[in-house]
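>>> structure for the following, please:
(chains A and B)
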2 protein chains.
Amino acid sequence: MSSGILESIRVPADSRVKLLDRNAGQTFGLTREDVAAALPDLRTELADLQELLYAAGTHSVLVVLQGMDTSGKDGTIRNVMEPVNPIGVTVTPFKVPTKKELAHDFLWRVHRETPPLGMLGIFNRSHYEDVLIVRVHGLAPPAVWRKRYRHIVEFERVLTDSNTILLKFFLHISKAEQEERLLDREADVNKAWKLAVGDWKEREHWRDYIRAYEDALSETSTSHAPWHVIPADRKWLRDHVVSRAIIETLRPYRKGWTVKLEKIGESAKLELDAFRKGVR
Amino acid sequence: MSSGILESIRVPADSRVKLLDRNAGQTFGLTREDVAAALPDLRTELADLQELLYAAGTHSVLVVLQGMDTSGKDGTIRNVMEPVNPIGVTVTPFKVPTKKELAHDFLWRVHRETPPLGMLGIFNRSHYEDVLIVRVHGLAPPAVWRKRYRHIVEFERVLTDSNTILLKFFLHISKAEQEERLLDREADVNKAWKLAVGDWKEREHWRDYIRAYEDALSETSTSHAPWHVIPADRKWLRDHVVSRAIIETLRPYRKGWTVKLEKIGESAKLELDAFRKGVR
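I've put the predicted structure just below:
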């Protein structure tokens, strides 16, 4: 992926994103074969970078995944993270908040789950639900959810100022593609468990969700925590783009992590030497 | 306490506080006897307000206590909170961070402990240590701790935008009073356990702490979360002023909490009636 692709999927800070102008079926001129051919190298590089991240322990990575029902959040996590050592990864799904969680500010349950240094954390849905479903279904008045854009921007600033590398992906599918996927789930007994009663009902709010997403992405895409709109109608393209976006974002850290590792190695070696000589 | 006192101890937003200009032995013309005479009514009112807070469940209260060693944080909590039902109160001391806590941003361990709706939470030391001891002892470079003022202001905005009533008290003692208290602890076997090895050593940094406190209070006293400088050389005056500051801050909520309680009562009664009639 040329950096041109990464740039074109990023939502620039202080801009308005229009989702209808972004083609969910976009392929950037890549074919399924191109993507399959690139896969082995991608897998190796991601596994390498994650091992360095874990061993150096100077940064953490947080991947925030959002998208409409059936946009493929689970599939993306499974496919993209396959090569990665699970000891260094946590996946946190955010579902309907519990009574205890609702007795706190909306960031409380999210902040608890942010990844510590060395770890790669993935949020399957996130604090963004509090300006999406909450808004679409009127679960809080506008005066409440509108303030949350600022809360989110500043919360994410705390994370990135504390050595968290933050990547936010919106899996963008078309309304037509969603219909196909829902019909698919109905038809296939092996997929039917994924079909929730509310899925067709939620679909009636499609436009409201698009508007809520456009506002959320526009208000909270910052230089410290940019949003990426992933064309997600084609699963193979979606996984490829997400993988590369993560890899390209982490690549500049490789050198620093390697140096750090060498230092850790040296001091461990010195300690071991001293121990062997009985100096300790 | 006339509102004049509350106003005079508050640090106005966007102002510089100078601690040396604030008399730690100040009594506002009150005598020990005045304060003793006012105590029973104060205790009753605080207990009442806390019960309403708990029962209504629409707000939470967070009291942040900071101050030099021996400034009386423990004593203030014990004395001021005595009339209050412990079921509705949590006291959280923040000591040296653990390795796990240090692997997260500095607000992580603090956010976890914020009080849920209905509760009164007290922080004995707090996130402010990360711009105080951390600065004085160079545990983080200026580029790191300077950013934290903004982090703190915005974090506290999330809390107050989410129905947390936030009160911040700096227990202000003079250097001479601290010396007396340290000598006291040395001399009294019953108090010696409170004397840490580092206490006299920390005292050598008095000026640096004053400067760090002045910056912290000035940078983070906001209209949503103001700081109060409590004259704390006299323990009886200190407790009195803290009690009244809490009471006067909560008093305006009494009416709303009472109305809420009546509504809860009515709907409980209706439910009970329906249940009795077998309608349910």
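>>> so what does the closest residue to residue A:249 other than its chain neighbours have for phi and psi?
With Cβ to Cβ, 6 or more residues apart in numbering or on different chains as the criterion, residue A:249 has its nearest non-adjacent residue at 5.9 Å, and that residue is residue A:167. All C-beta atoms are positioned from the backbone trio N, CA, C, and that covers glycine. Note on residue A:167: backbone dihedrals following degrees, to the nearest 10 are phi -120, psi 130.
>>> and for the longest helix along chain A, what's in contact with it?
Under DSSP state H, the helix in chain A containing the largest number of residues is helix A:32-56. When contacts are defined by Cβ atoms under 8 Å, 6 or more residues apart in numbering or on different chains, helix A:32-56 is touched by residues A:59-61, A:80, A:82-85, A:87-89, A:118-120, A:236-237, A:240, A:243-244, A:246-247, A:250-251, A:253-254, A:256-258, A:260-261, A:264.
>>> hmm, try it at 7 Å
Residues outside helix A:32-56 that contact it (Cβ atoms under 7 Å, 6 or more residues apart in numbering or on different chains) are A:59, A:61, A:83-85, A:88, A:118, A:120, A:236-237, A:240, A:243-244, A:246-247, A:250, A:254, A:257-258, A:260-261.
>>> what sits up against stretch A:173-192?
Here stretch A:173-192 has contacts from A:24-25, A:67-68, A:70-71, A:194-195, A:199-200, A:203, A:206, A:232-233, using Cβ under 7 Å, 6+ apart.
>>> turn these into TSV, including pLDDT.
As requested, the contacts of stretch A:173-192 are exported to TSV (pLDDT from 0 to 100):
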residue	pLDDT
A:24	98
A:25	97
A:67	97
A:68	96
A:70	94
A:71	96
A:194	77
A:195	75
A:199	85
A:200	89
A:203	92
A:206	96
A:232	98
A:233	98
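>>> now, which of the residues you listed lie within strands?
residue A:67 (DSSP state E).
>>> ok, the contacts of stretch A:173-192 vs chain B, which is closest?
Using Cβ to the nearest Cβ, residue A:67 is the member of the contacts of stretch A:173-192 that lies nearest chain B, at 25.3 Å.
>>> got a list of what that closest one touches?
A:73, A:170, A:171, A:173, A:232.
>>> from what I can see the third one touches residue A:232, true?
Yes: Residue A:171 sits in contact with residue A:232 when judged by Cβ atoms under 7 Å, with a separation of 4.1 Å.
>>> what parts of the stretch 51-200 of chain A come near chain B?
Residues of the stretch 51-200 of chain A lying close to chain B (Cβ under 7 Å from any Cβ of the partner chain) are A:100, A:103-105, A:107-108, A:111-112, A:114, A:116-117, A:147, A:151, A:154, A:158-159, A:161-162.
>>> how many neighbours does residue A:198 have?
Counted by other Cβ atoms under 10 Å in any protein chain shown, the residues lying close to residue A:198 total 9.
>>> so what pLDDT did it get?
Residue A:198 is assigned a pLDDT of 79 by the prediction.
>>> circling back: just the buried residues out of the contacts of helix A:32-56, in PyMOL syntax.
Here is the PyMOL command that selects the buried residues among these (16 or more other Cβ atoms under 10 Å in any protein chain shown):
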select buried, chain A and resi 59+61+83+84+88+118+120+236+237+240+243+244+246+247+250+257+260+261
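>>> ok, back up a step: which ones are touching the residue nearest to residue A:249?
A:63, A:245, A:246, A:249.
>>> just the buried ones among those residues, please.
By 16+ other Cβ under 10 Å, the contacts of residue A:167 give A:63, A:245, A:246, A:249 as buried.
>>> secondary structure and pLDDT added to those, as TSV?
Conversion of those to TSV gives the following (DSSP: H, G, I helix; E, B strand; the rest coil; pLDDT from 0 to 100):
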residue	secondary structure	pLDDT
A:63	strand	98
A:245	helix	97
A:246	helix	97
A:249	helix	96
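>>> now, which of the residues you listed sits nearest chain B?
Nearest to chain B among these, with distances taken as Cβ to the nearest Cβ, is residue A:63, at 17.0 Å.
>>> verify the stated contact: the closest one with residue A:126.
No: using Cβ under 7 Å as the test, residue A:63 is too far from residue A:126 to be in contact (9.8 Å).
>>> on that earlier part again, now, the contacts of helix A:32-56 that are in helices?
Among these, the ones falling in helices (DSSP H) are A:236-237, A:240, A:243-244, A:246-247, A:250, A:254, A:257-258, A:260-261.
>>> the residue nearest to residue A:249 pairs with what?
Here residue A:167 sits in beta bridges with residue A:63, going by DSSP bridges.
>>> who's in contact with residue A:71?
Here residue A:71 is in contact with A:171, A:173, A:232 (criterion: Cβ under 7 Å, 6+ apart).
>>> helix/strand/coil for the residue nearest to it when sequence neighbours are not counted?
The shortest distance from residue A:71 to any residue other than its chain neighbours is 3.9 Å, reached at residue A:171 (Cβ to Cβ, 6+ apart). When classified by DSSP: H, G, I helix; E, B strand; the rest coil, residue A:171 comes out as strand.
>>> thinking again about what came up before, which neighbours do residue A:171 and residue A:232 share?
Counting by Cβ under 7 Å, 6+ apart, the contacts common to residue A:171 and residue A:232 are A:67, A:71, A:72, A:238.
>>> mind putting these in TSV, distance to residue B:271 included?
Conversion of the shared contacts of residue A:171 and residue A:232 to TSV gives the following (distance: Cβ to Cβ, whole Å):
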residue	distance to residue B:271
A:67	40
A:71	41
A:72	44
A:238	49
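>>> re earlier: now intersect the residues of the stretch 51-200 of chain A next to chain B with the helices, please.
If you go by DSSP H, those have A:100, A:108, A:111, A:147, A:151, A:154, A:158, A:159, A:161 in helices.
>>> could those residues go into CSV alongside pLDDT and neighbour count?
Shown next, in CSV, are these (pLDDT from 0 to 100; neighbours: other Cβ atoms under 10 Å in any protein chain shown):
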residue, pLDDT, neighbour count
A:100, 98, 10
A:108, 98, 21
A:111, 98, 24
A:147, 98, 16
A:151, 98, 24
A:154, 98, 18
A:158, 98, 24
A:159, 98, 23
A:161, 98, 17
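>>> show me the two of those residues that sit farthest apart.
By the measure Cβ to Cβ, A:100 and A:161 form the most distant pair in these, at 28.6 Å.
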